[in-house]
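**Student:** Give me a model of this one.
(2 chains)
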Amino acid sequence: MMNHFGIFRTVTIFRTGTILLLGLATTAARLHADGPLAIQGAKIIPIVGEPIAVGTILIREGKIEAIGKDIVIPGEAKVIDATGKVVMPGFVDAHNSGAMTSANERNEVVPFLSVVDSIDPVAPYFEECRRNGITSSAVVPGNSTLIGGQAAIVKTAGQYVNDMLLKREAGLKISLRPASGNRMSQLAKLRKELDKAKKSIEKEARGEKPEAAPEVKKEGEEAAKPADKPEGGPEEPKEEGSAERQPAGGNDAASQAAGLEALKKAIKGEQPVYIYCETGMDVTAAFQLIADYSLKPILVLGQGCYKAADLLAKRNETVILDPSLVFWETNPRSREDKKIILPQLYQAAKVPFIFQTEGFGARTSLGSSFFWFQAATAVKYGMSEKEALEAITLMPAKRIGIANLVGSIEVGKDADLVILSGEPLNISTWVEQTIIDGKVVYERSKDEKIKRLLAPVAE
Amino acid sequence: MQKTVFHFIAATILAGLAALDPCISVGQEKEPSSDRILIRAKHIYSNNGAYGEKGEVYICDGKIKLVGPSIDVPGPLTVLEVDSLMPGIVDAYSSLGLSGGTSEVSREVTPEFDTYSAIDWSSRDFAEAVDEGVTTAQVVPATESVFSGLACIVKTAGNSGERTVAASGNAVLAVCSDPTSRNRARSRPEGIYMRQPTNRMGVVWIIRSSLSRVRSDGTVDGAVPMSTELLKEILDGKRQSLAISRTDFDIRSALDLGDEFGFKPIIYGGDEVYRIIEEFKKRDGKVVYTALARSAASNRGSEGTALRWNVPGKLIEAKVPFCLAGESLLDQARFAHRFGLTHEQALAAITSRPADILGLSNRVGSIEAEQDADLVALSGDPMQPTSNIHWTMISGKIYGNDKSKQ
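**Tutor:** Numbering: from 1, shown residues only, chains lettered A, B, ... in the order given. Predicted coordinates:
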């Protein structure tokens, strides 16, 4: 709490910087948006297919038109000389709340809400994404919830949220970690909501008219009382049994109907469900829910879930790991200390996984804020570099259903690229340029914030 | 890692030394000796000799005896082959083994509180430290009281009697806003909850008034005689003091108090030292920089200092003595390297530099003869995030040699 002044100060600088940068980027993009763009002389790691030692990527109208050793560059193309550099597909963030002004609504059952209404295009999160080579991000409500609303997938550059949107109804967020009360009531409440939706679908199938959502008394009063507490990050402390939890318009008929629709889509498999499991026991509960309601899950795993690694292996679906990849546990009975290395454990259990970052907040360690560092950590504990790079590009793209557009450098895919100063997992490598839809959205040479951080002077 | 027993029978130049040093005698035993170890490394990273080159280190009775490109030692010994070898990491600012509250909150002047007697030697902290390659650590009390207590210096593993490097060490002064946290300015003076200082002026005042009372042969209010004795030691220059200060004005206050009373505190924290770097240099400041540590943000309290990445680069440029400290030190060094330090500078910032600042450079912090055999073996270049620690050696004993890591 006491850090707020500091954060506020920094945020202000960020925002001014972003607006300036965005301004520059959009102008620059418009100048050559019509013509083709070629990136020449770089080592290319396309993720699909073998790396090309020195190659060219040709981009036209925001798409990759050609990639290879001997590509003829059209005369009218703008050329980026990337000799000695390494080009990769932009990184894909499969689970993050950093773009939202607040990760969770106070009310814990809000399936009708969409993160689209909460995404701030000038949030420092997006600036950090471009600075660190992240070009697509699934913005998902935080874990302090029950049914937390609907996720959306965005590109990480744009002036308005609609310019950035790749997918609107990208997944319903469910958390099995009790937001209030205990696990029994969390699951009971969850099942009650899912049952409503299931019954509604069954009625429809029988040709009955779905019942109208129940009218709620004091509707006017509720509407006049919006949930006005904006705080509450992903790790917001859980409040026990607060009677004051009133939804942001959640009791009115329209919200109820919209919420029911969202849940029905989840049960029909038209929208995936992000299920956050905190511990191993949550994994079992999640599997029961998946079976009972035929959900299409994207599992987001807390630290303790490694204990259910064998169960997870049977599903053979890519899971999203906790941002703290390495931590210690003490057995409460034997007092035995144990170092838990998540990438190593999941690899041994043959569970495919992708990473999260801890966000760019003030309280995180330097390392786990970066996808390249997470990938390097997996390599440190035995993963091959090839697999680790796939786990920050193509695998998350597949997991969130956008691999037809992004995640690898292939002809026809979006030109979302990152030009690195060297090998991707080397400590001294920096993102030189980030390109989204064929437009340069970040250039290190123009990054004033990096300059300030690396050459500290009194202001 | 391979363990092989070599019996060198051929006479070497070292044979001449045999009579002088029992460590270099022609061995008669048949069994490999765990006290005599030869490490063959593809790369040795230490501030002396050929940095990053192939080399060998001979260890006997917990001490490094010889370092060179190739060493012939006769007699039975354990041979270890490693990729990269670096000195054990020295953490100048840790709270290893201190569980629960680590500073007294009932009084402001408690210089006699010693961390050494509060250490839980079987704490998980030590296992984690060894796992991260930390072999020596200064344990510093928390900063809720103005004179917080005495730091101590310990090895992170070993037999209990051998782990102590300095039981009664540096005196800790909190020259920052930390001691005011929880104290409310508007509570009634007669209330039992009334505590000073309630603001930063009060912090400086408590230091100044305590020291001036001691200087004029008085005693400090409510303090035991031992307190007074310790404050005298600070004033007489017999005991090194360290000041926890992060903002530029706190750092200045600490140096000013030192000038006023004739002592030289070493600055711990130092987030904003870059703002006053010329002045800091002129005043012979030394800094233990902790802002790259994970907990740095939460340590900052109400001060809200802005993060700057390459303050270490600035300190080296100005030739100010400094080191990195706090948790995840190897990663801190890696990032310091990323942000501008050379490979060698970054490695020194967690090994030889902290050893210098703690006055232990004759004993730890580099790979050379007569140093403690505190070493870290890695799977590759220590500055790369993909390199893993294979084992940590403390006084010639190997810890954390986990087969699953190899």
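
**Student:** How is chain A partitioned into domains?
**Tutor:** With domains defined by automatic domain parsing, chain A comprises A:1-90+A:407-459, A:93-405.

**Student:** hey, C-alpha coordinates of stretch A:86-102 in PDB?
**Tutor:** C-alpha atoms of stretch A:86-102 as PDB (Å, rounded to 0.1, in the frame of the first residue of the first chain):
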ATOM      1  CA  VAL A  86      17.400 -13.100 -34.800                       C
ATOM      2  CA  VAL A  87      13.800 -13.000 -35.900                       C
ATOM      3  CA  MET A  88      11.100 -15.000 -34.200                       C
ATOM      4  CA  PRO A  89       7.300 -15.000 -34.200                       C
ATOM      5  CA  GLY A  90       5.900 -12.500 -31.600                       C
ATOM      6  CA  PHE A  91       5.300 -14.100 -28.200                       C
ATOM      7  CA  VAL A  92       1.800 -15.100 -27.200                       C
ATOM      8  CA  ASP A  93       0.500 -14.500 -23.600                       C
ATOM      9  CA  ALA A  94      -2.300 -17.100 -23.000                       C
ATOM     10  CA  HIS A  95      -3.400 -15.700 -19.600                       C
ATOM     11  CA  ASN A  96      -3.000 -12.200 -18.200                       C
ATOM     12  CA  SER A  97      -5.100  -9.600 -16.400                       C
ATOM     13  CA  GLY A  98      -2.500  -6.800 -16.700                       C
ATOM     14  CA  ALA A  99      -4.500  -5.000 -19.400                       C
ATOM     15  CA  MET A 100      -7.500  -4.600 -17.200                       C
ATOM     16  CA  THR A 101      -8.000  -1.700 -14.800                       C
ATOM     17  CA  SER A 102      -9.000  -4.200 -12.200                       C
END
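
**Student:** just to revisit the earlier point, ok, which of the domains of chain A comes nearest chain B?
**Tutor:** domain A:1-90+A:407-459 (2.9 Å; C-beta to the nearest C-beta). Every residue, glycine included, has its C-beta placed from N, CA and C.

**Student:** domains for chain B, by residue range?
**Tutor:** Taken from automatic domain parsing, chain B resolves into B:4-88+B:368-405, B:90-357.

**Student:** what's the closest of these to chain A?
**Tutor:** domain B:90-357 (2.9 Å).

**Student:** Check the offset of that closest one from the chain's centre.
**Tutor:** In this view, domain B:90-357 has its centroid 11 Å away from the chain centroid, taken as C-alpha atoms, centre = their mean, to the nearest Å.

**Student:** now do stretch A:299-315
**Tutor:** With C-alpha atoms, centre = their mean, you get 19 Å for stretch A:299-315.

**Student:** Same list (the domains of chain A) but as TSV, adding mean neighbour count and distance to chain B.
**Tutor:** Below are these laid out as TSV (neighbours: other C-beta atoms under 10 Å in any protein chain shown; distance: least, C-beta to the nearest C-beta, whole Å):
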stretch	mean neighbour count	distance to chain B
domain A:1-90+A:407-459	17	3
domain A:93-405	19	4
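
**Student:** looking at the domains of chain B, which has the lowest confidence?
**Tutor:** Among the domains of chain B, domain B:4-88+B:368-405 carries the lowest mean pLDDT, at a mean of 80.

**Student:** quick one on the thing from earlier: worst average pLDDT in the domains of chain A?
**Tutor:** domain A:1-90+A:407-459 (a mean of 83).

**Student:** List the contacts of A:A42.
**Tutor:** Contact criterion C-beta atoms under 8 Å, 6 or more residues apart in numbering or on different chains gives A:V54, A:G55, A:I57, A:A82, A:T83, A:G84, A:K85, A:V86, A:V87, A:I419 as the residues in contact with A:A42.

**Student:** In terms of helix, strand or coil, where does A:I153 fall?
**Tutor:** Following DSSP: H, G, I helix; E, B strand; the rest coil, A:I153 is assigned to strand.

**Student:** Does it touch A:S137 like I think?
**Tutor:** Yes. Assessed by C-beta atoms under 8 Å, A:I153 is found in contact with A:S137 at 7.1 Å.

**Student:** check contacts around the spatially most central residue of chain A.
**Tutor:** Residue closest to the average C-alpha location in chain A (C-alpha atoms, centre = their mean): A:H95, at 2.8 Å. By C-beta under 8 Å, 6+ apart, the contact list for A:H95 reads A:A138, A:V140, A:Y274, A:I298, A:V300, A:I320, A:Q356.

**Student:** could you say which helix or strand contains B:D356?
**Tutor:** Using DSSP states H and E, B:D356 falls within helix B:352-357.

**Student:** List the contacts of that helix.
**Tutor:** By C-beta under 8 Å, 6+ apart, the residues outside helix B:352-357 that reach it are B:46-47, B:87, B:90-92, B:136, B:266, B:286, B:288, B:321-325, B:361, B:363-366.
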